[in-house]
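K.L.:
could you look at this predicted model? Sequence included:
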Amino acid sequence: MVKKPKVLVLFDVGEPTGLDVDYTEDLKSPDWKTERHVLSALRALDYPFAMLGVHDDTQLIREMIERYQPDVIFNMVEQFANSLSNENRVTSFLELQGVPITGCGSTGITLAKDKILSKKIASFHGVMVPQFMVHEPGNVVGLNKAMEFPLIVKPTREEASYGISLKSVVHNEEELVDRVCFVHEKFEQEALVEEFIEGREVYVGVIGNEKLKCLPPREMTFGKEVPMESRFASYCVKWDEDYRRRWGIKNRFLPSLKPQAQAKLNQTCKDLYRALNLKGYARIDLRLNSNTEPVFIEANPNPMLAKDEDFALAARKAGIDYPKLISIIISLAT
């Protein structure tokens, strides 16, 4: 009988913690569903495991590794010291500990989460991206003559669509200046200005390291009364359930594409995955334009793993049940 690896599960918490904290009550919260689902899968698979909440103390991680001697670290840490911008840093720290970790490494996280650099890399590899320009704080806001309205304005270093709303789509220079200035003042960072791509909002999960598997694509759909220029993944669209119900917003499996279009979509996602040095598992976010051509929007390393979210639902449709998905992710740890 093959011995199951010992797994150390790491997840982020919003306050200082310790080695022997009991998270039983926290795990009952809806906000902790991903952690709860992963831990339940580990129990079902009969993996020995320990868990540690991570806030801002790397020494605790060292001590837990020394105490538990894990074979694999299941990394669900998305922030450090309450900052999402530290995800690549804490992952880099984990890589130095000499224990295989699940999911994407620090290099892939850095490349994927830089919205500007990831688009430059995608374009270099022949993947279609929206035309874009970047406005630095303190500089005059101009417009590339090759770009036409409507445009969409985003913070360059935020996640989960934070800072993106219906006001992000601009139709003239006055609206453009107002929104760019809003990003500069609110987020104290560069503003990314992209051409607005009308089309379908599509998400493709990818699993693997050298050999890659694309999962069945998911699509975000909108009620018929929602205008085309409002059909994109704003913060409210992603996270406000009342808003989603009011406007008929749902996620579903993308209806079957023609074989050539499906092959192009899968190959594009694999090319992006490799170009951005992603590993383990990731989700590629795209728009399918009017010609059913994939246009790269962004990549999400280590996407949400709750069993009722897009990635796990796509895996299940591909014949991978939830415990098996968790097992595969552990087997891909590097």
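P.N.:
On my side now, so go ahead.
K.L.:
which residues of the stretch 151-300 of the chain fall in helices?
P.N.:
173-187, 235-239, 241-246, 259-275 (DSSP state H, counting those that start in this stretch).
K.L.:
where exactly do the strands run in this protein?
P.N.:
Along the chain, counting by DSSP state E, strands occupy 7-12, 49-54, 72-76, 132-135, 151-155, 169-170, 191-195, 200-208, 212-214, 218-221, 250-253, 280-288, 294-301.
K.L.:
partners of the last one, with directions?
P.N.:
By that I understand strand 294-301. Strand 294-301 sits in its sheet next to strand 280-288 (antiparallel), going by DSSP bridges.
K.L.:
and the angle from the strand it pairs with to strand 72-76?
P.N.:
30 degrees (axes from the mean of the first three to the mean of the last three CA atoms, to 10 degrees).
K.L.:
distance of the most centrally placed residue in the chain relative to residue 273?
P.N.:
By CA atoms, centre = their mean, the mean C-alpha position of the chain lies nearest to residue 300, the distance being 2.7 Å. As judged by CB to CB, to the nearest Å, residue 300 and residue 273 stand 11 Å apart. Using the backbone N, CA and C atoms, a C-beta is placed for each residue, glycine as well.
K.L.:
who touches both of the two?
P.N.:
Shared contacts of residue 300 and residue 273, defined by CB atoms under 8 Å, 6 or more residues apart in numbering, comprise 282, 284.
K.L.:
returning to that earlier point: separation between the spatially closest residue to the residue nearest to the centre of the chain that is not a sequence neighbour and residue 195?
P.N.:
Using CB to CB, 6 or more residues apart in numbering and skipping residues adjacent in sequence, the residue nearest residue 300 is residue 283, 4.4 Å away. According to CB to CB, residue 283 and residue 195 sit 23 Å apart.
K.L.:
check residue 325 too.
P.N.:
Look at residue 325 and residue 195: by CB to CB, they are 36 Å apart.
K.L.:
which of these two has more neighbours?
P.N.:
residue 325 (24 against 19; other CB atoms under 10 Å).
K.L.:
I figured the more buried one hits residue 317, correct?
P.N.:
No: with contact defined as CB atoms under 8 Å, residue 325 does not reach residue 317; the gap is 11.6 Å.
K.L.:
give the contact list for residue 21.
P.N.:
Neighbouring residues of residue 21 by CB under 8 Å, 6+ apart: residue 53.
K.L.:
sorry, slip of the keys, the one I care about is residue 226.
P.N.:
247-249.
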